[in-house]
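**Q** quick check, what structure comes out for this input:
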Amino acid sequence: MVGRAVKQLDLNGLELLIIENVGNLVCPASYDLGEDLRVVLLSVAEGEDKPLKYPPMFQAADVVIVSKIDLAQACGFERETLATNLRRIAPKAKVFETSAKTGQGMEAWREFLLEKQRAVGSRDPLAV
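**A** Presented below is the predicted three-dimensional model:
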């Protein structure tokens, strides 16, 4: 489906393409879309055990964004338990705790994306 859609896009001048999986966290880990960065989103309301429930997706992740961090206390979310689970399942993944409501972590996430974009943009497109 993504392959068909990309053929319909004018990719000239495109600096960023985000492909969102709207399905579950089991199947997408198996598919290589040629992405430069694989990001997994985890809401605090989903629980800190999610990496243990879906290890392939988290093992494939370059980044884990923990969203709604402003609700952590209200949800009984245990940051250290998540950190332990992520170290076990996805030790190399960069983790960002974010809140769209308060803005927490958003600037760090933005700067990280810009840094990655610059790195990808500076690659020789003919290099293999």
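**Q** residue closest to the middle of the protein?
**A** The centroid of the chain falls nearest to residue 39 when counting by C-alpha atoms, centre = their mean (1.6 Å).
**Q** which residues does that one contact?
**A** With contact set as C-beta atoms under 8 Å, 6 or more residues apart in numbering, residue 39 has these partners: 61, 62, 63, 64, 65. C-beta: built from backbone N, CA, C; applies to glycine.
**Q** relative to residue 109, how far out is it?
**A** To residue 109, residue 39 is 9 Å away according to C-beta to C-beta, to the nearest Å.
**Q** next: residue 82.
**A** 17 Å.
**Q** more neighbours, these two?
**A** The neighbour comparison of residue 82 against residue 109 (other C-beta atoms under 10 Å) goes to residue 82, with 22 against 16.
**Q** now that one, nearest residue through space, not along the chain?
**A** Of all residues not flanking residue 82 in the chain, residue 48 sits nearest, at 3.7 Å (C-beta to C-beta, 6 or more residues apart in numbering).
**Q** how about the longest helix along the chain as PDB, C-alpha atoms only?
**A** Longest helix in the chain, counting residues (DSSP state H): helix 106-121. The C-alpha trace of helix 106-121 is given here as PDB (Å, rounded to 0.1, in the frame of the first residue of the first chain):
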ATOM      1  CA  MET A 106       8.700  18.100  22.500                       C
ATOM      2  CA  GLU A 107      11.700  20.400  21.800                       C
ATOM      3  CA  ALA A 108      14.100  17.500  22.500                       C
ATOM      4  CA  TRP A 109      12.100  15.300  20.100                       C
ATOM      5  CA  ARG A 110      12.000  18.100  17.500                       C
ATOM      6  CA  GLU A 111      15.800  18.700  17.800                       C
ATOM      7  CA  PHE A 112      16.500  15.000  17.500                       C
ATOM      8  CA  LEU A 113      14.400  14.800  14.300                       C
ATOM      9  CA  LEU A 114      16.100  17.800  12.800                       C
ATOM     10  CA  GLU A 115      19.500  16.300  13.600                       C
ATOM     11  CA  LYS A 116      18.500  13.000  11.900                       C
ATOM     12  CA  GLN A 117      17.100  14.800   8.900                       C
ATOM     13  CA  ARG A 118      20.400  16.700   8.500                       C
ATOM     14  CA  ALA A 119      22.400  13.500   8.700                       C
ATOM     15  CA  VAL A 120      20.200  11.800   6.100                       C
ATOM     16  CA  GLY A 121      20.300  14.800   3.900                       C
END
